[in-house]
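Student: Turn this into a model:
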Amino acid sequence: MSDLKKTVMTNWRWVMCAMLFFATTVNYMDRQVLSLTFKEFIQPEFHWTDDNYGTITGVFSIAYAIFCLFAGKFIDWMGTKKGYLWAIVIWSIGAVMHAGCGWVTEQIVGVADKAALLNATGAIVSTISMVSVWLFLACRLILGLGEAGNFPAAIKVTAEYFPKKDRAFATALFNAGASVGALAAPATIPLLAKSLGWEMAFIIIGALGFIWAGVWIFVYDKPTESKHVNEAELAYINSDNAEEAEVKKEAEKEDKQMSFLEAFKHRQTWSFAFGKFMTDGVWWFFLFWAPAYFQDQFGIKASDPQGIALIFTLYAIVTVISLFGGYLPKIFVEKRGMEPYAGRMRAMLIFAFFPIFALFAQPLGGIYGPWAVAIIIGIVGAAHQSWSANIFSTTGDMFPKSAVATITGIGAMAGGVGSFLINKGSGMLFTHAEQMGEAFRFAGFTGKPAGYMIIFCICAVAYLIGWSVMKILVPKHQPVVLK
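Tutor: Numbers count the residues shown, from 1 in each chain. Below you'll find the predicted structure:
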């Protein structure tokens, strides 16, 4: 029997992959609780304007980007087991803390209960709004701090438990948790908020992270130390160690470290950063504002059956169509014989045209109803995911391996700034448009619909502008060589 255990390979690495999948699913659901409860439940209670909500979503976007710069080093410093545990516990604490914002607001403002918050009038309304916004901001920052550690930790586990040839597949599997989370969130969160209160939606979804953490303590050990990994599986996991050691040895000779200051001396850095700056905000805008849009524009609440179906359909389209995004550059490279960077840029140009459909969301929504808008936003979202996968790959095309993480961090920061601007700007615009009413006009629309039309126009051209500037900065493949 002992010989059989040595020769028949265990499959504990796939248990690890499943853990990464569930963590990523919870990560995405925790992020979406606010957007799916804001318009119907939270805004009336705290008397928020769209500007208030824009501040919260905008600050979260840029803070998350900043935290991402340091999350990888934290995971390396703490080690995989403790680092991942800290990350999910911190973000779960942040998620659950949202539920206490109402009670704390009552204590600070000095009102009796939730009913008093809802029915408040006069000067106290602005105090309720201000206090609650700051409380939610604090919770969002804690949430973002922990969530920034998910992907660095998951990538590290994948590298520990899978040989190089299987890592792309394992990464694709656990990353599918983001899509599953995006689909599960609208199907569960609004119903929880409607039946148990918005506070319980944050608590229940946040508690999933604590459950995961409890399981993680017992199932994870390094492959060499795990009692669930036998010699055959360990040999398979380490099958390319010799090759990697040789590659690493050569890389250490050729690749030098790049400082942040040095990175900004290269046009390739500015190309990648500008592409992220122009486009990341489009994804975050639709993620945070789509549920509010359907209620503002069509009176469909996130907890209504139709509201659930609309958001679910939107992300289903994103999930299915974006699966093909990685194949297009491969066709250009393998079938057309193009150089990889040129093939990737050609594919990104094609993806950049699809967001133009956002120009028709408002007009077609008025003719054919909310389903037309959900389909269009789904197409735009799928184009973004396809664009995103390829723009990340351009860093490997242009920079040595030792600089990829640095450049990726700079791009994440640029994307965070863009996300802050579009989310904060949208909130300010929608509040202003609503106050102006019929006097606020754009492209045949008035009031808040005109505000949405303006943002849709920005989203429609963002990718083409981003691609054009990237192409001007780096017209052809020009790899950076560190001296």
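Student: quick one: C459 and V282 touch, right?
Tutor: Yes: proximity of C459 to V282 meets the contact threshold set by C-beta atoms under 8 Å, at 4.6 Å. Where you see a C-beta, it was placed from the backbone N, CA and C, and this is true even at glycine.
Student: list the residues that contact both of the two?
Tutor: When C-beta atoms under 8 Å, 6 or more residues apart in numbering defines a contact, the residues bordering C459 and V282 alike are 355, 380.
Student: Now do the same contact list for the residue lying closest to L20 once chain neighbours are set aside.
Tutor: Nearest residue to L20, sequence neighbours excluded (C-beta to C-beta, 6 or more residues apart in numbering): F174, at 3.6 Å. F174 is in contact with 17, 20-21, 23-24, 154, 158, counting by C-beta under 8 Å, 6+ apart.
Student: Run through who's touching whichever strand or helix holds E199.
Tutor: Take DSSP states H and E as the rule and E199 turns out to sit in helix 198-219. For helix 198-219, the external contacting residues (C-beta under 8 Å, 6+ apart) are 15-16, 19, 22-23, 26, 29-30, 33, 36-37, 41-42, 81, 84-85, 88-89, 91-96, 98-100, 102, 188-190, 192-193, 196, 228.
Student: Now intersect these with the helices, please.
Tutor: Members of the contacts of helix 198-219 lying in helices (criterion: DSSP state H): 15-16, 19, 22-23, 26, 29-30, 33, 36-37, 81, 84-85, 88-89, 91-96, 102, 188-190, 192-193, 196.
Student: Buried members of those residues into PyMOL, please.
Tutor: To isolate the buried ones among the ones in helices among the contacts of helix 198-219 in PyMOL, judged by 16 or more other C-beta atoms under 10 Å, type:
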select buried, resi 16+19+22+23+26+29+30+33+36+37+84+85+88+89+91+92+93+94+95+96+102+188+189+190+192+193
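Student: Tell me the spacing between V320 and I454.
Tutor: Distance, V320 to I454, by C-beta to C-beta, to the nearest Å: 30 Å.
Student: quick one: which of these two has more around it?
Tutor: When V320 and I454 are compared on other C-beta atoms under 10 Å, the one with more neighbours turns out to be I454, at 19 against 12.
Student: Report whether that one is found in a helix, as I expect.
Tutor: Yes: counting by DSSP: H, G, I helix; E, B strand; the rest coil, I454 is part of a helix.
Student: Pull the contacting residues for V180.
Tutor: 21, 25, 28.
Student: Distance check, it against P479.
Tutor: V180 is 37 Å from P479, by C-beta to C-beta.
Student: what's the answer for A382, then?
Tutor: For A382, the distance to P479 equals 30 Å [C-beta to C-beta].
Student: And for A18?
Tutor: 38 Å.
Student: With neighbour numbers in mind, choose between those two.
Tutor: In this view A18 and P479 are compared by other C-beta under 10 Å, and A18 has more residues nearby, 14 against 11.
Student: How about the contacts made by that one?
Tutor: By C-beta under 8 Å, 6+ apart, A18 has no neighbours at all.
Student: Distance of it relative to K114?
Tutor: Applying C-beta to C-beta to A18 and K114 gives a distance of 39 Å.
Student: tell me what the helix or strand hosting L117 is packed against?
Tutor: Per DSSP H and E, L117 falls inside helix 114-118. Under the contact criterion of 3 or more C-beta pairs under 8 Å, 6 or more residues apart in numbering; DSSP states H and E, helix 114-118 touches helix 43-46, helix 101-109.
Student: Can you lay out the ones you listed as JSON lines showing distance to G54 and mean pLDDT?
Tutor: Shown next, in JSON lines, are the helices and strands packed on helix 114-118 (distance: least, C-beta to C-beta, whole Å; pLDDT from 0 to 100):
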{"stretch": "helix 43-46", "distance to G54": "12", "mean pLDDT": "93"}
{"stretch": "helix 101-109", "distance to G54": "18", "mean pLDDT": "94"}
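Student: Out of the ones you listed, which is closest to E334?
Tutor: E334 lies closest, by C-beta to C-beta, to one member of the helices and strands packed on helix 114-118: helix 43-46, at 50.5 Å.
Student: next one: the closest one to chain centre, how far?
Tutor: In terms of C-alpha atoms, centre = their mean, to the nearest Å, the centre of helix 43-46 is found 26 Å from the chain centre.
Student: So which bits of it are buried?
Tutor: Those would be 43, 45-46, for helix 43-46 by 16+ other C-beta under 10 Å.
Student: just these now: which is nearest P329?
Tutor: Closest approach to P329 among the buried residues of helix 43-46 (C-beta to C-beta): Q43, at 42.2 Å.
Student: can you tell me how far the residue nearest to that closest one when sequence neighbours are not counted sits from F430?
Tutor: Nearest residue to Q43 in three dimensions, chain neighbours excluded: Y53, at 7.1 Å (C-beta to C-beta, 6+ apart). Distance, Y53 to F430, using C-beta to C-beta: 9 Å.
Student: quick one: low-confidence ranges for this protein?
Tutor: The chain contains residues with pLDDT under 70 at 1-7, 165, 168, 240-257, 325-326, 401-402, 404-405, 482-483.
Student: Can you check which of the helices and strands packed on helix 114-118 gets nearest to A352?
Tutor: Per C-beta to C-beta, nearest to A352 of the helices and strands packed on helix 114-118: helix 43-46, 34.0 Å.
Student: residues making contact with the closest one?
Tutor: 52-53, 102, 105, 114, 117-118, 128-129, 132-133.
Student: could you dump those to JSON lines with distance to P340?
Tutor: Compiled in JSON lines, the contacts of helix 43-46 are given as follows (distance: C-beta to C-beta, whole Å):
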{"residue": "N52", "distance to P340": "45"}
{"residue": "Y53", "distance to P340": "41"}
{"residue": "G102", "distance to P340": "52"}
{"residue": "T105", "distance to P340": "53"}
{"residue": "K114", "distance to P340": "57"}
{"residue": "L117", "distance to P340": "56"}
{"residue": "L118", "distance to P340": "57"}
{"residue": "I128", "distance to P340": "55"}
{"residue": "S129", "distance to P340": "51"}
{"residue": "S132", "distance to P340": "50"}
{"residue": "V133", "distance to P340": "46"}
